[in-house]
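Asker: Let me see the structure of the following:
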Amino acid sequence: MKKVLAFFLVITAFLTGMLMNCAGATDSRVVSTASYDISSDDRLLVEQVVMAESGAEPYIGQIAVAQCILDAAVFEGVSPSEIIKKYSYTKIRKEPSRSVKAAVSAVFDYGTRACDGRILYFYAPAFGTSKWHEGQDFVAEIGNHRFFDCKR
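Answerer: Modelled structure (predicted):
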């Protein structure tokens, strides 16, 4: 059932033109890569963090935050739970919605991505400015978050 829901939500995002490329423009295809093996404990933690960070965002925003956690874990060569601690993600742990569970599944199980490029960091400008984030390479603005890769 979870896989059917994740697939349905990815297709819905695709059909409504919500998936983005790295410039933040509408993309006409689903961006997908290989799946990532994640423990059940890490999955629950990622779902809780994605819920706290982007639960009120559109589905594509939830995918982007999950992608950010995954990309950082791969980049640093550590587990998602280690990234959540190292990158100081929120300590708030909320019960994940079905949409958030589907977004995390789409990213970790099916390789779905919100944009083509790597995203390592994000922040919500509504809650303040971040010179540090803005000093990194801008990737996309999705929902109420701005996403970045490391400065090259």
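Asker: contacting residues for the nearest residue to residue 101 once chain neighbours are set aside?
Answerer: Nearest residue to residue 101, sequence neighbours excluded (Cβ to Cβ, 6 or more residues apart in numbering): residue 47, at 5.7 Å. Glycine gets a C-beta too; all of them are placed from N, C-alpha and C. Going by Cβ atoms under 8 Å, 6 or more residues apart in numbering, residue 47 touches 96, 100-101, 104.
Asker: between the residues you listed, which is nearest residue 61?
Answerer: residue 100 (10.3 Å; Cβ to Cβ).
Asker: part of a helix, is the closest one?
Answerer: Yes - Residue 100 forms part of a helix when assessed by DSSP: H, G, I helix; E, B strand; the rest coil.
Asker: how far away is it from residue 139?
Answerer: Residue 100 sits 21 Å away from residue 139 when distances are taken as Cβ to Cβ, to the nearest Å.
Asker: Next, residue 111: phi, psi?
Answerer: Dihedral pair for residue 111: phi 70, psi 20, per degrees, to the nearest 10.
Asker: same question, residue 86
Answerer: Dihedral angles (degrees, to the nearest 10) for residue 86: phi -60, psi -40.
Asker: and it, how many neighbours?
Answerer: Residue 86: 12 surrounding residues under other Cβ atoms under 10 Å.
Asker: Would you agree it is in contact with residue 76?
Answerer: Yes - counting by Cβ atoms under 8 Å, residue 86 does reach residue 76; the two are 7.0 Å apart.
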